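Novice: Predicted model, plus sequence, below.
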Amino acid sequence: MARIDLVDLAHSYGGNDAPEESFALKPVTMTWRRGGAYALLGPSGCGKTTLLNLISGIVTPSRGKILFDGVDITTQSTRERNIAQVFQFPVIYDTMTVGQNLAFPLKNRGLPKAAIDARVAEIAALLDLTPYLSRKAERLTADAKQKISLGRGLVRSDVAAVLFDEPLTVIDPELKWQLRSKLKALHRDLDLTMIYVTHDQTEALTFADTVVVMHDGRVVQSGTPADLFDRPAHTFVGYFIGSPGMNIVPAEVKGRQARIDGHTIALERSYDRLPAGAKIEVGVRPEFVQIAAPAPNLLAANIERIDDLGRARFAHVRVGDTRFSAKVPQGFSVPGNSAGLVFDPSRVHIYADSLLVEGEA
Amino acid sequence: MDKTVNQKAWFLVLPVFLVVAFSAILPLMTVVNYSMQDTFGNNQFFWNGVGWFKELLDPSSDLGERFFASLWRNLFFSFVILAIEVPLGIVVALSMPRQGWSVAACLVILALPLLIPWNVVGTIWQIFGRPDIGLLGYTLNHIGINYNYVSNEFDAWATVIVMDVWHWTSLVALLCYAGLKSIPEAYYQAAQIDGASRWAVFTAIQLPKMKRVLLIAVLLRFMDSFMIYTEPFVVTGGGPGNSTTFISIELVKIALGQFDLGKAAALSLVYNLIIIIVCWVFYTVMTNAGAERRPVKEAV
C-alpha cells in the first residue's frame, strides 16, 4: 500500500514532440492517498486507461514522474513496482486449477507454502471461490474466470496498489451489482489502495471515495461523488454525471442575475468579476428545476415529452432554441404544452469557458 | 417435420459421385482385387484369398520381414523428426519478431523450404552431401569427419533426417507462430504483473495456447513423414543396403521392380489402413480436446 503522487505526468503515443493537444494524457499533477478507493471515470478515449497503464508500468510516460510513497518509480518495470492489475477481459492460466491461479503471484515471489495456502483460502472465501479451488480454471464461465482474475489481483497483501481496468465489462448485470458491492467490502477488509477505471458512472460512484473525471486527456475534476453531483467543476462533469445530465444554457450574467432567453432569474451569489469575452453558461441539474404552470414571472418553456423513470418524472422542454430537462413535481398534471420553470437559486452554477466560477456572497 | 423433397438435387450431387468413383473407389477396388490374386504375367490371374495378407503379417516370411523392417524404420524416422522438429519449431516461433518489417522477412525465409518441390529438395541434398563436390560432404571430410551417405548407414540416416528437418521445421514454426499471435497482449501484461518468469510464461500461457496448433502440426508431420518417399529415394535410393528403405520405397520396389502386384496391393492396403487409423486417433484426440474447453455452466 502506498501513497501515489503524479507529478506533471503526461503521455503521447505519437512521441514527445507531438503537439500537446494530441496527447493521450495531458499533464496532470495529483496525489492519491494510501488506502483510498479511487475511480477514473470518463468516456472511451479520454485517457483513463493510459493513466492506469502509466501507473502499472505497462506504458512509460513521455513526461513527468510517478512517485510511490515519495520514491520515483517512473523508470521501474511493472514487476519492480509491486502493483496488481485486473484487466477488462479475464486472464487465467488454463492449465492450472483455480487455487493454483490464485497462488501464482505469491509463488512467483517465493512465499512459503503455508503463507500462500492461508492467503489463497482467505481470498477464495471472500470471492466465494472456495468450492472451485481444485477445479481446472479453463472450464469455468467468463464470470467465474473474471472472479479468478480479481482474486489474483487481490491476493498479494503487500502491493502498492490494485488497479482495475473496467473489470466488470464481461459480467452479467445481476452479478455486476454483487461484485461491485463485494469490491467495496474487499476494499474495507483488505486495506489496499485501489484504482478503478470505468466509463460507467454508477460503477464509479458506488465504488470510489474519490472519483477522478477525465475528458479528452485531461482530469477535469477529482472529488467525492457528492462533490461531482453538487458542484461540477466543469460543464463536462455536469452532463456526464447524473441521469439526465446537467442543463447547460448560454446566459448573460450580471451581479446576482442571469438572463436566459430574455428572462431574468435570481442567483444566490454575485458574479461581478467574470472574465471578459468568455463564453458564459448557466448550469443547473434537472433535479433542481421544477415544472410549474406558466406564469409571467417564470421562464417560459415548451414541453416536448415526459420520461417516467419510476423514482421521478423528467420533462424534456425547449427554451427558445435550447433543450432543457426539468423535474415534474409529484402529483403535478401538465396542463398543456407550455409551462414555466422554477429554479432553486442555491443550485444554479455559473460557468465561464466551461469552468465553474465561484460567486461572492 | 416437413422436409422438402427435391429429387432434382441428385443431379447436382451426381457429378461428385462420378468423379469420386473414377478417382478413388474404382482404383481402390482394383487394388483390393489384385491383393486377392496372384499373377505370372500374360494377364493370367489366380485366386489367392487372404494369402498375401497372411504372408505380409508373418515376420518369418520374406515379404513380412521386409514389411516389418521398413515399418519400424518408418516409425523410428517419424519419431526422430517429430522429436526434433516440434521443439525446434516452437523455439523458432518464440524467437520470431512480433511486429515490424522483420515479420514479413522472417515469414518469407521460413516459407522458402516449403515451396521447393520434394524432388528438388532431394537433389539439393544429394549434391550438397557428396564428398567430392558437395559443400557439406566436402567440408566434413576436409575437417577430418569421414562422412559418406552412400556407404555409411549412420551418415545416410543423418542426411535424410537433417534434410527433413530443413524442409519441414518451417511448417511447425509457422503454425506455432500463428498460435502465439492469437494470445492477447493482456496475458503477457498480467504475467508480468504476477511476477512470472520467462519459463513460467512459456508453460502457463504460451504452451497451453499453442496446444491445438501443435496437435495439428504433429498430425501433419507424422502423416507426411510416414508416407515419405521422394526425398530419401532421390538421396539414398533406400540404401546403403536396405537401411533407409521406408515402406513407400519398399512398395515401389515390390510393385514396379519385381512386378509382384498381389503382394504390393496387400501391402498398400495395410499401409493405407495404418494411416487412416492414426488419422482417426488424432482426430478423436483433437475433437475431445476441443470439447473440454466448453465452459461448465453451474460453476459461477
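Specialist: Received the coordinates, thanks.
Novice: Let me see the confidence value for the residue lying farthest from the centre of chain A.
Specialist: Note on chain A: the largest C-alpha distance from the chain mean falls to residue A:296, namely 40.9 Å (Cα atoms, centre = their mean). Per-residue confidence (pLDDT) for residue A:296: 82.
Novice: what secondary structure does it sit in?
Specialist: coil (DSSP: H, G, I helix; E, B strand; the rest coil).
Novice: And the one 10 residues further on, by the same measure?
Specialist: Secondary structure state of residue A:306, per three-state DSSP, is strand.
Novice: correct me, but it touches residue A:327?
Specialist: No: the criterion here is Cβ atoms under 8 Å, and residue A:306 misses it with residue A:327 at 10.6 Å. Backbone N, C-alpha and C define where each C-beta goes, glycine included.
Novice: any shared contact partners between these two?
Specialist: A:313, A:314, A:315 (Cβ atoms under 8 Å, 6 or more residues apart in numbering or on different chains).
Novice: List the buried residues of the helix or strand encompassing the second one.
Specialist: Under the criterion DSSP states H and E, the helix or strand holding residue A:314 is strand A:313-319. Judged by neighbour count (16 or more other Cβ atoms under 10 Å in any protein chain shown), strand A:313-319 contains these buried residues: A:313, A:314, A:315, A:316, A:317, A:319.
Novice: Which of residue A:306 and residue A:327 has more residues huddled nearby?
Specialist: residue A:327 (18 against 14; other Cβ atoms under 10 Å in any protein chain shown).
Novice: Look up the closest residue to the more buried one, ignoring the ones flanking it.
Specialist: Excluding the flanking residues, the one nearest residue A:327 by Cβ to Cβ, 6 or more residues apart in numbering or on different chains is residue A:290, at 5.3 Å.
Novice: Quick one: neighbours of the one you found, just the number.
Specialist: Based on other Cβ under 10 Å, the number of other residues close to residue A:290 is 19.
Novice: Equivalent analysis for the one 5 residues further on, please.
Specialist: Neighbourhood size, residue A:295 [other Cβ under 10 Å]: 11.
Novice: wait, isn't it in contact with residue A:342?
Specialist: No: using Cβ under 8 Å, residue A:295 is not in contact with residue A:342, being 9.3 Å away.
Novice: returning to what we had before: residues making contact with the strand holding residue A:314?
Specialist: Contacts of strand A:313-319 (Cβ under 8 Å, 6+ apart): A:244, A:249, A:260-261, A:286, A:291, A:299-307, A:323-328, A:334, A:339, A:341.
Novice: May I have the strands that pair with it, each with its orientation?
Specialist: Take DSSP bridges as the rule and strand A:313-319 pairs in its sheet with strand A:299-308 (antiparallel), strand A:322-328 (antiparallel).
Novice: for residue A:265, helix, strand, or coil?
Specialist: strand.
Novice: Might one say that it is in contact with residue A:257?
Specialist: Yes: Residue A:265 lies in contact with residue A:257 (Cβ under 8 Å); the separation is 7.3 Å.
Novice: how many neighbours does residue 274 have?
Specialist: In the absence of a named chain, chain A is used. 15.
Novice: if you could check chain B rather than the one you did, that'd help
Specialist: 15.
Novice: Mind listing the residues bridging to residue A:254?
Specialist: residue A:257.
Novice: distance of it from residue A:297?
Specialist: 19 Å (Cβ to Cβ, to the nearest Å).
Novice: is chain A contacted by stretch B:91-107?
Specialist: No: using Cβ under 8 Å from any Cβ of the partner chain, stretch B:91-107 never reaches chain A; the gap is at least 14.6 Å.
Novice: With neighbour numbers in mind, choose between residue A:254 and residue A:297.
Specialist: residue A:254 (14 against 9).
Novice: Counting neighbours, what do you get for residue A:140?
Specialist: Neighbour tally, residue A:140, other Cβ under 10 Å: 24.
Novice: quick one: which of residue A:265 and residue A:257 has more around it?
Specialist: The neighbour count for residue A:265 versus residue A:257, taken as other Cβ under 10 Å, is higher for residue A:265 (19 against 14).
Novice: In terms of pLDDT, where does the more buried one sit?
Specialist: Reported pLDDT for residue A:265: 84.
Novice: For chain B, give me the ranges with low pLDDT.
Specialist: B:1-2, B:41, B:289-300 (pLDDT under 70).
Novice: need the contact list for the residue most central in space within it.
Specialist: Centroid-nearest residue in chain B: residue B:224, 1.6 Å away (criterion: Cα atoms, centre = their mean). By Cβ under 8 Å, 6+ apart, the residues touching residue B:224 are residue B:168.
Novice: From chain A, how far out is it?
Specialist: 29 Å (Cβ to the nearest Cβ, to the nearest Å).
Novice: three-state assignment of that residue?
Specialist: Going by three-state DSSP: residue B:224 is helix.
Novice: what's the distance between it and residue B:90?
Specialist: 18 Å.
Novice: tell me which element residue B:217 falls in.
Specialist: Using DSSP H and E, residue B:217 falls in helix B:207-226.
Novice: Would you tell me what the next helix or strand after that helix is?
Specialist: In N-to-C order, the element after helix B:207-226 by DSSP H and E is helix B:230-235.
Novice: got the buried residues for that following helix?
Specialist: Under 16+ other Cβ under 10 Å, the buried positions of helix B:230-235 are B:230, B:231, B:232, B:233, B:234, B:235.
Novice: Now tell me what touches it from outside.
Specialist: B:118-119, B:121-123, B:125-126, B:129, B:149, B:156, B:159-160, B:163-164, B:167, B:238, B:244, B:246, B:249, B:252.
Novice: Moving C-terminal from it, which element do we reach first?
Specialist: helix B:247-252.
Novice: So for the residue nearest the centre of chain A, what's the nearest residue that isn't a sequence neighbour?
Specialist: Compute the mean C-alpha point of chain A, and by Cα atoms, centre = their mean the closest residue is residue A:41, 2.7 Å away. Leaving aside its sequence neighbours, residue A:41 sits nearest to residue A:204 (Cβ to Cβ, 6+ apart; 4.1 Å).
Novice: and if you look at residue A:138?
Specialist: Per Cβ to Cβ, 6+ apart, closest to residue A:138 is residue A:94, 4.3 Å.
Novice: Number of residues surrounding that neighbour?
Specialist: Neighbour tally, residue A:94, other Cβ under 10 Å: 16.
Novice: how near is it to residue A:234?
Specialist: On the measure of Cβ to Cβ, residue A:94 and residue A:234 end up 45 Å apart.
Novice: Read off the pLDDT value for residue A:234.
Specialist: For residue A:234, the predicted pLDDT is 90.
Novice: Spell out which parts of the stretch 101-250 of chain B neighbour chain A.
Specialist: B:184, B:186-187, B:189-190, B:192-197, B:200, B:203-205, B:207-209.
Novice: filter those to the buried ones?
Specialist: B:186-187, B:189-190, B:192-196, B:200, B:204-205, B:207-209.
Novice: Could I get the average pLDDT for stretch A:82-102?
Specialist: So the average pLDDT for stretch A:82-102 ends up being 87.
Novice: Do me a favour and get the end-to-end distance for it?
Specialist: 16 Å (Cα to Cα, to the nearest Å).
Novice: ditto for stretch A:188-196
Specialist: First-to-last residue span, stretch A:188-196, Cα to Cα: 15 Å.
Novice: any chance you could map the helices in the chain?
Specialist: Went with chain A since none was named. Assigned by DSSP state H, the helices in chain A fall at A:48-56, A:78-81, A:98-108, A:113-126, A:142-154, A:173-190, A:201-207, A:225-230, A:235-240.
Novice: wrong one, chain B
Specialist: B:9-20, B:26-35, B:51-56, B:62-95, B:101-115, B:118-128, B:135-142, B:153-181, B:185-193, B:198-201, B:207-226, B:230-235, B:247-252, B:261-292.
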